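[1] need the 3D shape of this:
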Amino acid sequence: MILQISKHAKEKMDIEGIDEDQIKKAIKMGAISRQTNGYLASYTYINVAYKKRGDVYRIKTVFTTKGER
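    Numbering: from 1, shown residues only. From the prediction side, this is the model:
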């Protein structure tokens, strides 16, 4: 699995305290929803919006749902 992380996603990772291993785990183990232009992986409190081409995952954004329950 090769991650290509957008500038926006990298900024969100820094703000939310999410690392690349957590992104990989969300994609591998999370619930995957089809979106208009890619996919959304949800695992525990982490959400990852991405596009997939072969083994390359283009990470568009990441966000958390902590405290939103």
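[2] all contacts plus neighbour counts: C-alpha atoms, from now on.
    Will do.
[3] what's near enough to touch the nearest residue to residue 9 once chain neighbours are set aside?
    Leaving out its chain neighbours, the residue that sits closest to residue 9 by C-alpha to C-alpha, 6 or more residues apart in numbering is residue 61, at 4.2 Å. The contact partners of residue 61, by C-alpha atoms under 8 Å, 6 or more residues apart in numbering, come to 6, 8, 9, 10, 12, 48, 49, 50.
[4] you'd agree the fifth one is in a helix?
    Yes - checked against DSSP: H, G, I helix; E, B strand; the rest coil, residue 12 lies within a helix.
[5] possible to save the contacts of residue 61 as a markdown table with pLDDT and neighbour count?
    Formatted as a markdown table, these follow (pLDDT from 0 to 100; neighbours: other C-alpha atoms under 10 Å):
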| residue | pLDDT | neighbour count |
| --- | --- | --- |
| 6 | 96 | 14 |
| 8 | 96 | 12 |
| 9 | 96 | 21 |
| 10 | 97 | 19 |
| 12 | 95 | 16 |
| 48 | 97 | 24 |
| 49 | 96 | 24 |
| 50 | 97 | 23 |
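[6] pull out the CA atoms of stretch 3-14 and give them to me as PDB.
    Extracted C-alpha coordinates of stretch 3-14, given in PDB (Å, rounded to 0.1, in the frame of the first residue of the first chain):
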ATOM      1  CA  LEU A   3       0.000   6.500   0.300                       C
ATOM      2  CA  GLN A   4       0.100   9.800  -1.500                       C
ATOM      3  CA  ILE A   5      -1.100  12.400   1.000                       C
ATOM      4  CA  SER A   6      -2.400  15.700  -0.300                       C
ATOM      5  CA  LYS A   7      -1.200  18.900   1.400                       C
ATOM      6  CA  HIS A   8      -4.700  19.400   2.900                       C
ATOM      7  CA  ALA A   9      -4.700  15.900   4.300                       C
ATOM      8  CA  LYS A  10      -1.200  16.400   5.800                       C
ATOM      9  CA  GLU A  11      -2.400  19.600   7.500                       C
ATOM     10  CA  LYS A  12      -5.400  17.800   8.900                       C
ATOM     11  CA  MET A  13      -3.200  14.900  10.100                       C
ATOM     12  CA  ASP A  14      -1.100  17.400  12.000                       C
END
